[in-house]
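A.B. asks: sequence and predicted structure, then a few things I'm wondering about:
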Amino acid sequence: MTRLSSATLASLPAAVRRPGYDRSKLEPGIVHLGLGAFARAHLCEFTDDALEKDFGAWGITGASLQRPDQRDRLKPQDGLYTFLKRAPAGPELRVIGSVLDVLVAPENPQALVAKLAAPETRIVSLTVTEKGYCHDPATGRLKADHPDIVHDLANPAAPRSAIGLIVAGLAARKAAGLGPFTALCCDNLPSNGHVLAGLVRDFAALRDDKLAAWIEANGAFPSTMVDRIVPATTEADIAEVASLLGLDDAAPVIGEPFRQWAIEDVFAAGRPRWDAVGAQMVSEVAPFEFMKLRMLNGAHSSLAYLGYLAGHETVADASRDPVFAHFLQGLWGEIIPTVPAPQGVDLKIYARDLLARFQNPAIRHRTWQIAMDGSQKLPQRLLGTIRERLKAGAPIDHLALGVAAWMSYVTGTDEKGAAIDVRDPLAAEFATRAKAAGRDAAALSTALFGIGAIFGDDLPREQRFTQAVAGHLGSLFQKGAKATAAALG
């Protein structure tokens, strides 16, 4: 079958939406680090919409920081790919045109640094996942002993971390007498722009105090809140897209119709008209981010661990199970009192809408995918809420079960004794501690509570928390996830 490309774009079926602007005139203005599925279903679609509304030099150069796969899929397609929206009423397809090129950092880091330093680059955006920031999630500070940071300090012209690349690009711009680009974090980190600014300044200070001062005075690091469910693309998805297009597409992305993007309107050198196509430009993104982090992400993680343990492959399957739907209502009942409502938002309605999104049968968001990198996610998604509930003397039964389910999951063995492919920066440490503890819930929970990067020094001393988690963990081992969740009432 013929491949999707600029040459074959005109042959698409009439029902397939295609770029509504002259792509041959599109010039680059954005470099995106970590061009994965989420960025292509969120940032790139918003940018396509903005280009249709108000055309400008805002084409995207993607950068892969580890592997050439994305470049190898997109290059033969001239950067084009299909976005398949899975709505309950049926699929909707559009071809996204905002990606102009893809670089692979390990192959030529100097070329990527040169692109960051180029005068036309005005925004550098990121979706590199929590672990890509080389930071301590508990403190938000740079881990100066992280292998990638150590490497980048020793090799400033050939960095491999996102932080090292951003600083190298800014250093080159300063040396050339250019202003800075805006560094736009689109990852699920609390106060992500402020965290990124701190990490960049920390790294820059280790290189050059004057560079750090220049970034402090001139840099722009707006915080953002992004929201859209984007499941991993499967071979079945690729085959479906090909049948609907009549063309092969090696790089389609799948997502739900819903999308949300709140952005602090602080840019160093302009931005696309994202506000004209649905993005919320705000003075402070924290209330939206905080609501989403605790209510959506906290529920997503808890449901992913419990659902996976119970044998549910997808979020839709797990959340449509009456036991887990009821668990989510109880979980949100514990979370909502800790969340100040953003202006115009009713948190109970927001929770209702979240459940409807989770239960969308057209979206096959795998529980295993959401369960990845829990050591990086738990401190932000669940543990902060637990700390507040403990301080208030409020119940934490549902929250504690989410943590216990994570503990059961990272042992690497499911309820039927099958191996779990645990993807986490601390997976080896989990395996070592789990092997020593065996199926002893008290021993295992104590061992995992000892990982300070996740739980800090305070939570392991909170007996109401540790006992609740250990109790739930024992029940998970003995009765399973569904029975344990049902017992909460």
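C.D. replies: On my side now, so go ahead. Numbering: from 1, shown residues only.
A.B. asks: mind listing what P361 touches?
C.D. replies: By Cβ atoms under 8 Å, 6 or more residues apart in numbering, the residues touching P361 are P88, A316, R320. Bear in mind the C-beta positions are built from the backbone N, C-alpha and C, glycine included.
A.B. asks: before we move on, what about E415?
C.D. replies: L309, A310, G311, G480, A481.
A.B. asks: just the buried residues out of those, in ChimeraX syntax.
C.D. replies: The ChimeraX command for the buried members of those (criterion: 16 or more other Cβ atoms under 10 Å) is given here:
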select :309,310,311,480,481
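A.B. asks: so where do the strands sit in the stretch 251-400 of the chain?
C.D. replies: Along the stretch 251-400 of the chain, counting by DSSP state E, counting those that start in this stretch, strands occupy 253-255, 260-264, 280-282.
A.B. asks: so which of these comes closest to L444?
C.D. replies: strand 253-255 (35.9 Å; Cβ to Cβ).
A.B. asks: using CSV, lay out the strands of the stretch 251-400 of the chain together with mean pLDDT and distance to Q376.
C.D. replies: As requested, the strands of the stretch 251-400 of the chain are exported to CSV (pLDDT from 0 to 100; distance: least, Cβ to Cβ, whole Å):
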stretch, mean pLDDT, distance to Q376
strand 253-255, 96, 22
strand 260-264, 94, 22
strand 280-282, 91, 26
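A.B. asks: most neighbours per residue, which of these?
C.D. replies: strand 253-255 (a mean of 25; mean count of other Cβ atoms under 10 Å).
A.B. asks: note down every partner strand of that strand and its orientation.
C.D. replies: strand 81-87 (parallel) (DSSP bridges).
A.B. asks: report the buried residues of the partner strand.
C.D. replies: Y81, T82, F83, L84, K85, R86.
A.B. asks: to A236, which of the strands of the stretch 251-400 of the chain lies closest?
C.D. replies: Of all the strands of the stretch 251-400 of the chain, strand 253-255 comes closest under Cβ to Cβ, at 10.2 Å.
A.B. asks: run through who's touching the closest one.
C.D. replies: Contacts of strand 253-255 (Cβ under 8 Å, 6+ apart): 37, 40-42, 81-86, 228-231, 233, 237, 363-364.
A.B. asks: go again with 6 Å.
C.D. replies: Residues outside strand 253-255 that contact it (Cβ atoms under 6 Å, 6 or more residues apart in numbering) are A37, R40, A41, F83, L84, K85, R228, V230, P231, T233, D237.
A.B. asks: contacting residues for the first one?
C.D. replies: Applying Cβ under 6 Å, 6+ apart to A37 gives the contacts V230, V253.
A.B. asks: what's the domain layout of the protein?
C.D. replies: 9-282, 286-486 (automatic domain parsing).
A.B. asks: dump those domains to TSV, plus distance to R3.
C.D. replies: Shown next, in TSV, are the domains of the chain (distance: least, Cβ to Cβ, whole Å):
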stretch	distance to R3
domain 9-282	5
domain 286-486	25
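A.B. asks: out of the ones you listed, flag the one nearest T2.
C.D. replies: domain 9-282 (5.5 Å).
A.B. asks: what is the end-to-end distance of the closest one?
C.D. replies: 37 Å (Cα to Cα, to the nearest Å).
A.B. asks: how far is it from where the chain is centred?
C.D. replies: With Cα atoms, centre = their mean, to the nearest Å as the basis, domain 9-282 stands 12 Å off its chain's centre.
A.B. asks: and Q329, which of the strands of the stretch 251-400 of the chain is closest to it?
C.D. replies: Nearest to Q329, of those and by Cβ to Cβ, is strand 260-264 at 22.1 Å.
A.B. asks: partner strands of that closest one and their direction?
C.D. replies: Here, using DSSP bridges, strand 260-264 pairs with strand 224-227 (antiparallel), strand 280-282 (parallel).
A.B. asks: which residues does that strand contact?
C.D. replies: P222, S223, T224, M225, V226, D227, A279, Q280, M281, V282, V285, F288.
A.B. asks: kindly recompute the last result at 7 Å.
C.D. replies: 42, 46, 193, 222-227, 274, 279-285, 288 (Cβ atoms under 7 Å, 6 or more residues apart in numbering).
A.B. asks: try stretch 452-467
C.D. replies: Contacts of stretch 452-467 (Cβ under 7 Å, 6+ apart): 136-138, 375, 378-379, 383, 386, 390, 396, 400, 445, 449-450.
A.B. asks: let's see 6 Å
C.D. replies: A138, S375, L378, L390, F449.
A.B. asks: buried set for that stretch?
C.D. replies: A453, I454, F455, G456, L459, P460, E462, F465, T466.
A.B. asks: kindly report the same for stretch 421-428.
C.D. replies: Buried, per 16+ other Cβ under 10 Å, within stretch 421-428: V422, D424, L426, A427.
A.B. asks: wait, the third one sits on S375?
C.D. replies: To tie it back to what came earlier, the one meant is L426. Yes. Assessed by Cβ atoms under 6 Å, L426 is found in contact with S375 at 4.5 Å.
A.B. asks: now the contacts of E415 as TSV including distance to A162 and pLDDT?
C.D. replies: Output for the contacts of E415, formatted as TSV (distance: Cβ to Cβ, whole Å; pLDDT from 0 to 100):
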residue	distance to A162	pLDDT
L309	33	97
A310	36	97
G311	36	96
G480	40	98
A481	35	98
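A.B. asks: and E120, how many residues sit next to it?
C.D. replies: 15 (other Cβ atoms under 10 Å).
A.B. asks: got the phi/psi numbers for it?
C.D. replies: With angles defined as degrees, to the nearest 10, E120 sits at phi -70, psi -20.
A.B. asks: measure it to C185 for me?
C.D. replies: Here the criterion is Cβ to Cβ, to the nearest Å. By it, E120 lies 21 Å from C185.
A.B. asks: show the contacting residues for G474.
C.D. replies: A441.
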